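K.L.:
I need the structure of the sequence given here:
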Amino acid sequence: MTKSELKEFLDEKVVLYNNPKFIESDPIQIPHQFSKKEDIEIAAFLTATISWGNRKMIIKNAYKMMELLDNSPHDFILNHQETDLNTFDSFVHRTFNSIDLKQFLKSLQHIYYNYNGLENVLAIDHKETTYKNAIHNLKNVFFEIEHQTRTQKHISDPLKNSAAKRINMFLRWMVRNDKSGVDFGIWKTHNPANLSCPLDVHSGNVARKLKLLLRKQNDWKALSELDINLRKLDKNDPVKYDFALFGLGVFEKF
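P.N.:
A predicted model of the protein is given here:
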C-alpha cells in the first residue's frame, strides 16, 4: 500500500470502531458510568491499571472496584480513613491484589490533596512532545509516600523502556476528544497531538503487518517508532489509529 492508500484504509477502520458501540465491549464503559470530572478520571485510572488479560474479567473486576468505592470514587479518595480500606481485603485481579489497590487509593489521595489531581501530575513540559517524562513523574509522585515495593510494578516507567500501555490508554481516554462519545477529552490543558498509541500484542502485530513498526519488542523504543509513523498520518490526532489497529487485531484477526 502507498502512504495515501494506507491512510485511507486506516481512516475507514477508525470510523468503523471509534463509535459508541465500541464502549459495550471495552473497559472504557466503567468511567462512562460517571459525569463528574474527578470521578471519571479516577475510575478510568483504576480501570486502566487492571486492563490486562481477559476483557470480561477486567470489566467485572473494575465494576467491583467501583462498588467498593461506593460508586463515588473522588469522594472516597478524598475522605476515606484507614479503617475504610478493610472492605478491599478480598479484592484481586491477577497479580493486582488488595495490598496494591489500597496503596493506589492512598497514593491517589496524596495526589488529589497535594498535587491538584492526575491532570496536573501528568502534564508535560511545553518543550516536549510525548508523555515519557510525565509518566515517569507520575510514578515518582505516586510512590513518594510509604508503600510496599511490590506495588511499584503496577505503574510502568518509560525511562526503563516500558511501553506503558495502560497509562497511554488512560491518557487517550482523558485527553482525546473524538466527538463520537468514546474518549472523554476532559483534560483541556493537554494536547492530543502528544499522545502515544497504547501498544500491546494486538496493535503491535497489526502495526508490523502494515509496516508502521519494524522493531520486534513492544517497548518504548517501538512506541517512539510507531509515534513517528502515526503522526505522519494525522499530526493532530495520531492516536485515533489505536481504534483501527486494535479493531483489526481483536475483531478482524488481521
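
K.L.:
how deep is Ile145 tucked in, by neighbour count?
P.N.:
Counted with other C-beta atoms under 10 Å, the neighbours of Ile145 add up to 13. C-beta coordinates here come from the backbone N, C-alpha and C atoms, glycine included.

K.L.:
Do you know the pLDDT at it?
P.N.:
You'll see Ile145 listed with a pLDDT of 97.

K.L.:
Wait, it touches Phe104, no?
P.N.:
No: the criterion here is C-beta atoms under 8 Å, and Ile145 misses it with Phe104 at 11.4 Å.

K.L.:
Please enumerate the helices of the protein.
P.N.:
Taking DSSP state H as the test, the helices found in the chain are 3-17, 37-49, 55-68, 73-79, 98-114, 118-121, 132-142, 165-175, 201-209, 220-233, 241-250.

K.L.:
tell me the angle the longest one makes with helix 55-68.
P.N.:
Which is helix 98-114. Interaxial angle of helix 98-114 relative to helix 55-68 (axes from the mean of the first three to the mean of the last three C-alpha atoms, to 10 degrees): 60 degrees.

K.L.:
tell me how far helix 98-114 is from the chain's mean position?
P.N.:
17 Å (C-alpha atoms, centre = their mean, to the nearest Å).

K.L.:
can you check the shortest one too?
P.N.:
Taking C-alpha atoms, centre = their mean, one finds helix 118-121 lying 14 Å from the centre of the chain it belongs to.

K.L.:
Report all helices and strands that that helix contacts.
P.N.:
Helix 118-121 is packed against helix 37-49, helix 98-114, helix 132-142, with contacts defined by 3 or more C-beta pairs under 8 Å, 6 or more residues apart in numbering; DSSP states H and E.

K.L.:
what's near enough to touch Asn61?
P.N.:
Ile50, Phe91, His93 (C-beta atoms under 8 Å, 6 or more residues apart in numbering).

K.L.:
hang on, the last one packs against Ile50?
P.N.:
Yes: the criterion here is C-beta under 8 Å, and His93 meets it with Ile50 at 4.4 Å.

K.L.:
Looking at these two, which is more packed in?
P.N.:
Neighbours were counted for His93 and for Ile50 using other C-beta under 10 Å; Ile50 has more, 27 against 20.

K.L.:
what residues are shared contacts of His93 and Ile50?
P.N.:
In contact with both His93 and Ile50: Ile58, Asn61, using C-beta under 8 Å, 6+ apart.

K.L.:
so how far does stretch 203-217 reach from one end to the other?
P.N.:
End-to-end distance of stretch 203-217 (C-alpha to C-alpha, to the nearest Å): 12 Å.

K.L.:
So which bits of it are buried?
P.N.:
Neighbour-count burial for stretch 203-217 flags Ser203, Gly204, Asn205, Val206, Ala207, Leu210, Leu212, Leu213 (criterion: 16 or more other C-beta atoms under 10 Å).

K.L.:
between those residues, which is closest to Asp26?
P.N.:
Asp26 lies nearest to Ser203 out of these, by C-beta to C-beta, at 13.7 Å.

K.L.:
give me every residue that touches the closest one.
P.N.:
Contact analysis of Ser203 by C-beta under 8 Å, 6+ apart lists Cys197, Asp242, Leu245, Phe246, Gly249.

K.L.:
try 6 Å this time
P.N.:
Residues near Ser203 by C-beta atoms under 6 Å, 6 or more residues apart in numbering: Leu245, Phe246.

K.L.:
next one: stretch 20-31 to chain centre, how far?
P.N.:
Computed by C-alpha atoms, centre = their mean, the separation of stretch 20-31 from the middle of its chain amounts to 13 Å.
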